[in-house]
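>>> build me a model:
(one chain, ligands or ions: 1)
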Amino acid sequence: MHRNKILPGFSKLNKNEKIEVVANRFNKPGDIIAELTSYWHHDPDKQKLFDEFSENTISNFYFPFSIAPNFLINNKMYMVPMVIEESSVVAAASNSAKYWSPKGGFKAEVISTKKIGQVHFIWKGEVEKLHALFPILKEELIAGTQHITANMNKRGGGITDVELVEMSDEIENYYQLKATFDTKNAMGANFINSCLEEFGLILKEHFAENECYTGDEKSCHIIMAILSNYTPECLVKTEVECDIECLRKAGDIDDPEYFAWKFEKAVRIAQVDTFRAATHNKGIFNGIDAVALATGNDFRAIEACGHAYAARSGKYRGLTEVKIENGRFNYSLTIPLSMGTVGGLTSLHPLAKFSLELLGNPSAQDLMMLAASVGLANNFGAIKSLTTKGIQVGHMKMHLLNILNSMNTTDNEKALATEYFAIHKVSYHSVTRFLSDLRTEKIETT
Ligand code: MEV
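The predicted model follows:
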């Protein structure tokens with residue numbers, strides 16, 4: 001088969017046919033089919049559910065579903081579900097949670113919950129007219145979307161405002177309708193996009209039918225109508241605080257004053273250096289994404305927003321802040337998090353549903369506070385390791401099993417390696433050497 005040829009109609013094939021097409025690209029198609037089908041759910045109804053989440057599904061891609069216990073947030077203890085493949089993230093979150101719980105845990109607050117959507121349009125006309133008629137247009141927009149907003153209004157949410165944004169100095173004749181929404185416990189993407197697409201139709205009608213507009217003014221080009229994933233006013237803050245002296249108990253810290261000094265420098269470096277800031281923030285998203293995935297939230301949207309927010313000053317910076325005053329260490333994270341606990345995958349994916357149940361069926365605001373706290377916990381763990389013993393010791397310890405699995409080790413070899421590397425430095429090289437010695441009987445096993 002010629003591999004660069006366009007493959008027509010793949011989506012029209014049934015699942016087995018799709019697998020066959022894929023498997024035929026390999027030398028042993030039978031093995032590939034067996035491998036792919038081995039990850040299907042044994043219950044066909046459950047498998048069908050997973051198949052229908054996306055298109056062209058041929059198998060399931062497993063990720064670990066883990067628990068980080070002991071998260072005390074606003075005086076409530078949580079067992080946090082996390083979905084992440086990177087070794088040591090769950091361990092780091094759990095260690096931080098366990099460290100901070102006896103010190104009062106995480107104190108979190110939701111600052112704002114505004115979601116944003118835009119209709120981008122090109123219109124050629126007298127801008128004063130548009131401004132003068134905007135109050136009428138706004139009423140038309142709100143009234144014309146009532147069939148979409150009725151249910152959300154009943155729940156206390158809906159469209160909270162619509163403004164006209166003039167951007168013709170950037171792009172000729174370019175304007176926006178910029179709307180804000182309160183979507184309550186829903187992430188609200190479908191709701192917002194439906195309102196915005198309707199806004200587009202209403203806007204076109206407004207120009208065509210209002211007799212104040214003449215000539216070219218009677219038409220406009222709707223370029224697109226879509227929510228913005230940048231929601232700087234859907235903001236949550238979480239913080240931890242303790243006496244500097246107490247930091248001694250965070251592990252591997254002999255001199256808490258010196259540790260706090262180094263920690264503060266590390267956080268400052270992420271404020272001033274973009275290369276470091278990206279890695280610093282990545283460590284925060286290790287925790288946030290894992291909670292987002294476990295609860296069926298859109299981690300791409302959350303990340304896009306967080307990184308845009310990190311660059312809001314015109315320079316990309318770390319998202320956390322440290323204050324060291326009067327013998328106290330305070331560490332906080334302020335981050336926009338647009339999350340939902342109803343709709344979308346939250347109730348469709350059985351494990352997302354379970355995660356939310358495990359968390360006591362939180363509101364969207366509770367989940368924002370929780371995810372932010374897990375992000376701060378992971379970042380605290382990372383900065384603590386980086387400024388003390390370094391990241392690799394813990395990381396490689398957790399990574400040991402991955403290395404061993406990549407070398408097809410038996411259970412017995414794994415047990416012996418785990419015992420050996422409890423007191424020896426883990427590296428790919430040292431594990432290979434250990435295994436080779438073990439297999440050539442240079443290491444005695446009694
Ligand atoms: C690794 O996934 C995350 C860290 O690199 C974060 C950091 O450097 O702050 C450890």
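>>> distance-wise, check residue 137 relative to the ligand.
48 Å (Cβ to the nearest ligand atom, to the nearest Å). Heads up, the C-betas are built off the backbone N, CA and C, glycines and all.
>>> next up, identify which helix or strand that residue is on.
Element membership for residue 137 (DSSP states H and E) is helix 127-144.
>>> who does that helix touch, helix- and strand-wise?
Contact here means 3 or more Cβ pairs under 8 Å, 6 or more residues apart in numbering; DSSP states H and E; on that basis helix 127-144 packs against strand 158-166, strand 174-182, helix 189-209.
>>> quick one: closest of those to the ligand.
helix 189-209 (27.7 Å; Cβ to the nearest ligand atom).
>>> now for residue 223: which residues touch it?
120-122 (Cβ atoms under 8 Å, 6 or more residues apart in numbering).
>>> quickly find the element holding it.
Per DSSP H and E: strand 221-228 holds residue 223.
>>> do the helix or strand bottoming out on mean pLDDT in the chain and the ligand meet?
Least confident helix or strand, the chain: helix 392-406 with a mean of 83, by mean pLDDT, DSSP states H and E. No. Judged by Cβ under 6 Å from any ligand atom, helix 392-406 makes no contact with the ligand; its nearest approach is 7.6 Å.
>>> circling back to that earlier point, let me have the helices and strands packed on helix 127-144 in TSV, adding distance to residue 379 and mean neighbour count as columns.
What follows is the helices and strands packed on helix 127-144, written out as TSV (distance: least, Cβ to Cβ, whole Å; neighbours: other Cβ atoms under 10 Å):
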stretch	distance to residue 379	mean neighbour count
strand 158-166	32	15
strand 174-182	29	20
helix 189-209	27	19
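>>> can these go into JSON lines with extra columns for mean pLDDT and distance to the ligand?
Listed next are the helices and strands packed on helix 127-144 as JSON lines, based on pLDDT from 0 to 100; distance: least, Cβ to the nearest ligand atom, whole Å:
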{"stretch": "strand 158-166", "mean pLDDT": "98", "distance to the ligand": "36"}
{"stretch": "strand 174-182", "mean pLDDT": "98", "distance to the ligand": "33"}
{"stretch": "helix 189-209", "mean pLDDT": "98", "distance to the ligand": "28"}
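>>> can you redo the ones you listed as a markdown table with distance to residue 261?
A markdown table is the format used below for these (distance: least, Cβ to Cβ, whole Å):
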| stretch | distance to residue 261 |
| --- | --- |
| strand 158-166 | 45 |
| strand 174-182 | 43 |
| helix 189-209 | 44 |
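>>> out of these, which is closest to residue 39?
Closest to residue 39 of the helices and strands packed on helix 127-144 is helix 189-209 (Cβ to Cβ; 28.9 Å).
>>> excluding chain neighbours, what is closest to residue 253?
residue 259 (4.7 Å; Cβ to Cβ, 6 or more residues apart in numbering).
>>> quick check: pLDDT value at the one you found.
Note on residue 259: pLDDT of 97.
>>> how about residue 421?
89.
>>> what's the neighbour count on the closest residue in space to it that isn't next to it in sequence?
Nearest non-adjacent residue to residue 421, counting by Cβ to Cβ, 6+ apart: residue 400, 5.6 Å away. Per other Cβ atoms under 10 Å, the neighbour tally for residue 400 reads 21.
>>> how far away is residue 400 from the ligand?
Residue 400 is 17 Å from the ligand, by Cβ to the nearest ligand atom.
>>> so that residue makes contact with residue 427?
No. With contact defined as Cβ atoms under 8 Å, residue 400 does not reach residue 427; the gap is 10.0 Å.
>>> tell me how the protein divides into domains.
Structural domains annotated on the chain: 1-62, 67-112+234-389, 115-227, 395-445, as defined by automatic domain parsing.
>>> if we can go back for a sec, for the residue nearest to residue 253, grab phi and psi.
With angles defined as degrees, to the nearest 10, residue 259 sits at phi -60, psi -50.
>>> distance check, it against the ligand.
Distance of residue 259 to the ligand, given as Cβ to the nearest ligand atom: 16 Å.
>>> show me the contacts for that residue.
Taking Cβ under 8 Å, 6+ apart, one finds 247, 250, 253, 384, 387-388 in contact with residue 259.
>>> cutoff 7 Å now
247, 253, 387-388 (Cβ atoms under 7 Å, 6 or more residues apart in numbering).
>>> what's the local residue count around the closest residue to the ligand within the stretch 251-400 of the chain?
When distances are taken as Cβ to the nearest ligand atom, the stretch 251-400 of the chain reaches nearest to the ligand at residue 283, 2.8 Å away. By other Cβ under 10 Å, 23 other residues sit near residue 283.
>>> what of the one 5 residues further on?
Neighbour count of residue 288, defined by other Cβ under 10 Å: 29.
>>> now the helix or strand containing it: buried residues?
Assigned by DSSP H and E, residue 288 falls within helix 274-294. Buried residues in helix 274-294, counted by 16 or more other Cβ atoms under 10 Å: 276-277, 280-281, 283-294.
>>> could you pull up the residues touching the residue in the stretch 51-200 of the chain positioned nearest to the ligand?
Sorted by distance to the ligand under Cβ to the nearest ligand atom, the residues of the stretch 51-200 of the chain start with residue 86, at 5.7 Å. Shown in contact with residue 86 (Cβ under 7 Å, 6+ apart): residue 286.
>>> can you tell me how far residue 37 is from the ligand?
The value you get for residue 37 to the ligand, if Cβ to the nearest ligand atom is used, is 33 Å.
>>> where does the most centrally placed residue in the chain land on pLDDT?
The centroid of the chain falls nearest to residue 299 when counting by Cα atoms, centre = their mean (2.8 Å). You'll see residue 299 listed with a pLDDT of 97.
>>> OK, contacts around it?
Residue 299 neighbours (Cβ under 7 Å, 6+ apart): 289, 292-293.
>>> with those residues in mind, which one is nearest to residue 306?
residue 289 (9.8 Å).
>>> the closest one: what's its closest spatial neighbour, skipping adjacent residues?
That would be residue 299: by Cβ to Cβ, 6+ apart, it lies 4.3 Å from residue 289.
>>> residue 40: what secondary structure?
coil (DSSP: H, G, I helix; E, B strand; the rest coil).
>>> residues contacting stretch 326-335, please?
Contacts with stretch 326-335, where a contact means Cβ under 7 Å, 6+ apart, come from 235-244, 247, 260, 284, 306, 309, 319-323, 372, 375-376, 380.
>>> which of those residues count as buried?
235-242, 244, 247, 260, 284, 306, 309, 319-322, 372, 375-376, 380.
>>> of the residues you listed, which belong to helices?
The helices, defined by DSSP state H, take in 260, 284, 306, 309, 372, 375-376, 380 from those.
>>> isn't residue 239 right next to residue 107, touching?
Yes. Here residue 239 reaches residue 107: they are 5.5 Å apart, a contact under Cβ atoms under 7 Å.
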